[in-house]
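Asks: Any chance you could fold what I've pasted below:
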Amino acid sequence: MSNEGRNAYVTQQITDALICLLADNELQQLSVSQLCAHAGVGRASFYRNFQSKEDILKIHIRALLQDVIDKLKKEEGKPLSEQLGILFSHLIQHRDFYSLIHRRNLMNLFKDVFMEICGAKPEYAMAEAYAAAFASYALYGWIEVWFDRGMQESAEEITALFQSHGL
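Replies: As a prediction, the model looks like this:
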């Protein structure tokens with residue numbers, strides 16, 4: 001196996017192990033040694049690929065959200081409500097993972113990644129930066145309330161709700 005293939009395998013093993021262990025443990029309760037033992041890899045492999053346990057989750061969230069970004073790029077001409085329906089469909093598709101990080105009070109990691117992707121960028125002009133900040137934080141607020149409410153509404157219901165608000 002190539003170095004790249006080995007690193008991909010190790011990062012996947014560590015990610016899977018962390019998600020599995022989070023089902024029964026708070027993140028702060030888990031040690032790197034426990035995580036590596038569960039993943040079947042050495043501590044050196046962990047530190048070669050990650051800086052922290054939170055880093056594992058951020059990288060996983062970023063990969064999941066990148067799939068949505070790729071889908072949305074193909075749907076650029078569609079109304080905003082339909083594009084947001086795609087996002088909420090994604091969240092439903094990965095409900096187990098997102099519910100887990102919500103239950104473990106790790107939504108700040110999701111928010112950090114979400115804002116990196118959707119929020120204001122340093123290179124934006126003033127008006128564009130404020131508009132991006134407004135839109136991304138408003139959307140994150142909808143997502144967080146939806147998680148808090150147990151993700152009861154379907155993607156179609158959320159889309160209709162956005163449409164009823166003129167979005």
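Asks: going forward, measure contacts between C-alpha atoms and count neighbours the same way
Replies: Will do.
Asks: tell me the SS of residue 78?
Replies: coil (DSSP: H, G, I helix; E, B strand; the rest coil).
Asks: tell me, how many neighbours does it end up with?
Replies: 10 (other CA atoms under 10 Å).
Asks: quick one: stretch 104-112 to chain centroid distance?
Replies: In terms of CA atoms, centre = their mean, to the nearest Å, the centre of stretch 104-112 is found 8 Å from the chain centre.
Asks: how about the strands of this structure, start to end?
Replies: For the chain, no strands are identified by DSSP state E.
Asks: now the most centrally placed residue in the chain, nearest residue through space, not along the chain?
Replies: The C-alpha lying nearest the average C-alpha coordinate of the chain belongs to residue 61 (CA atoms, centre = their mean; 3.1 Å). By the measure of CA to CA, 6 or more residues apart in numbering, the closest residue to residue 61 outside its immediate chain neighbours is residue 110, 6.6 Å from it.
Asks: could you measure the one you found against residue 21, distance?
Replies: 18 Å (CA to CA, to the nearest Å).
Asks: out of those two, which sits in the more crowded spot?
Replies: Taking other CA under 10 Å, residue 110 and residue 21 do not tie; residue 110 has more neighbours (21 against 17).
Asks: That one contacts residue 58, doesn't it?
Replies: Yes: Residue 110 is within contact range of residue 58, at 7.0 Å (criterion: CA atoms under 8 Å).
Asks: what's the average pLDDT for stretch 18-27?
Replies: The average of the pLDDT scores along stretch 18-27 is 97.
Asks: Just read off the phi/psi values of residue 77.
Replies: Residue 77 adopts backbone torsions of phi -80, psi -10, taken as degrees, to the nearest 10.
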